[in-house]
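**Q** Could you look at this predicted model? Sequence included:
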Amino acid sequence: MRSVPEASVKARASLRTVFVDFDNTLHRSDEKLAFYLDGWTGKSGNYLLEVFRKIHLEEIHAHFPERHLDIRFHSGLLLSYLRLPHNPTLVQDFVSRYLKAASDAWLDPWYYSDASSFLDELAKMRVKVCLTTGEDAEKKAVGIYKFLRSHKFDYVFGEDALGVLKTEPEYFTRALKESWSEAPSTVAVGDSITADVVPGKLAGLRVVWVNREGKRLPAGYEKPDFQVSDLREASKTLWRMCENPHCR
């Protein structure tokens, strides 16, 4: 899959800051969660993950944003969707499985094979590199430092620290301010249309969409500046944008 730039990119400033997503960009988070959910209520992990994501975006984000991190509430809605009675034992089992998957993101991670080389390339570019993720941002960063050699981020941003969900443009606006960065010279790299592409574009950033599965961009959504198939292609795209004389 080739990178596809939009014409507006040509007028942008040279690359100075890169915002890097974690879940499903550096780390195989969905695969990990599906693995632990497999068998809950007799359903496959992939099916439960699909329903969980649907509920998370269409119900929680739309109607209960204050319960974004309430996994018990998520599990109750999931049982209702599956037309099953509320069962405290099933709820606790779901919570335990979810928390185990989350903790493994830094204790027993499943990083993509291209994650380490991608971070190596960012270091060579001598740009400001910021981890931009949802929950447990600091723990995810520590896991990266431990398992992907000593890749250090200039800044680590999470929803709790910034005080806003990553699906909101304000998340990136605040990250820009906290990292002393400017939108025209900042690029966000991530896999999610709703948590990377749309809010990043609305905040004025250039966005590299890591589309490993070759999905089609849904109609009516903000378009990324570049679409790549993996992080190797993403690093090549960033090198082409890097006009900083210190980039070699």
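**A** Yes, it's here.

**Q** Report the spatially closest residue to Lys140, excluding sequence-adjacent ones.
**A** Phe22 (5.1 Å; CB to CB, 6 or more residues apart in numbering). For glycine as for every other residue, the C-beta is placed from the backbone atoms N, C-alpha and C.

**Q** quick one: the residue nearest to Tyr98 when sequence neighbours are not counted and Ser179, what's the gap?
**A** Leaving aside its sequence neighbours, Tyr98 sits nearest to Ile71 (CB to CB, 6+ apart; 5.1 Å). As for Ile71, its distance to Ser179 is 30 Å (criterion: CB to CB, to the nearest Å).

**Q** ok, now Pro169?
**A** From Pro169 to Ser179 the distance is 16 Å (CB to CB).

**Q** repeat for Arg67
**A** Arg67 sits 29 Å away from Ser179, going by CB to CB.

**Q** Neighbour count for the two, which is higher?
**A** Ser179 (19 against 14; other CB atoms under 10 Å).

**Q** mind giving me the domain split of this structure?
**A** By the assignment in automatic domain parsing, the chain contains the domains 7-27+111-241, 29-107.

**Q** Dump those domains to JSON lines, plus mean pLDDT.
**A** Output for the domains of the chain, formatted as JSON lines (pLDDT from 0 to 100):
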{"stretch": "domain 7-27+111-241", "mean pLDDT": "92"}
{"stretch": "domain 29-107", "mean pLDDT": "91"}
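
**Q** which of those sits most buried?
**A** Neighbour counts (mean count of other CB atoms under 10 Å) averaged over each of these peak at domain 7-27+111-241, with a mean of 19.

**Q** which outside residues touch the longest helix seen in the chain?
**A** The single longest helix within the chain, with elements called by DSSP state H, is helix 88-107. Helix 88-107 is contacted by residues 22-23, 27, 29, 32-33, 35-37, 40-41, 71-72, 74-76, 78-79, 84, 110, 135-136, 139-140, 142-143, 146 when judged by CB atoms under 8 Å, 6 or more residues apart in numbering.

**Q** Just after it, pick out the following helix or strand.
**A** helix 115-125 (DSSP states H and E).

**Q** Can you tell me which helices and strands whatever helix or strand comes next after that following helix packs against?
**A** Moving toward the C-terminus from helix 115-125, the next helix or strand (DSSP H and E) is strand 128-132. Helices and strands touching strand 128-132, by 3 or more CB pairs under 8 Å, 6 or more residues apart in numbering; DSSP states H and E, are strand 17-20, helix 115-125, helix 137-147, strand 155-157, helix 169-178.

**Q** and strand 128-132, how far out from the chain's middle?
**A** Its chain's C-alpha centre and that of strand 128-132 lie 12 Å apart, by CA atoms, centre = their mean, to the nearest Å.

**Q** got it, and stretch 56-67?
**A** Using CA atoms, centre = their mean, the offset of stretch 56-67 from its chain centre is 18 Å.

**Q** what's Val210 sitting at in phi/psi?
**A** Main-chain torsions, Val210, degrees, to the nearest 10: phi -90, psi 100.

**Q** list the contacts for the closest residue to it other than its chain neighbours?
**A** Distance criterion CB to CB, 6+ apart; nearest residue to Val210, sequence neighbours excluded, is Asp191 at 4.7 Å. Taking CB under 8 Å, 6+ apart, we find Asp191 in contact with Asp21, Asp23, Asn24, Thr25, Trp209, Val210, Asn211, Arg212.
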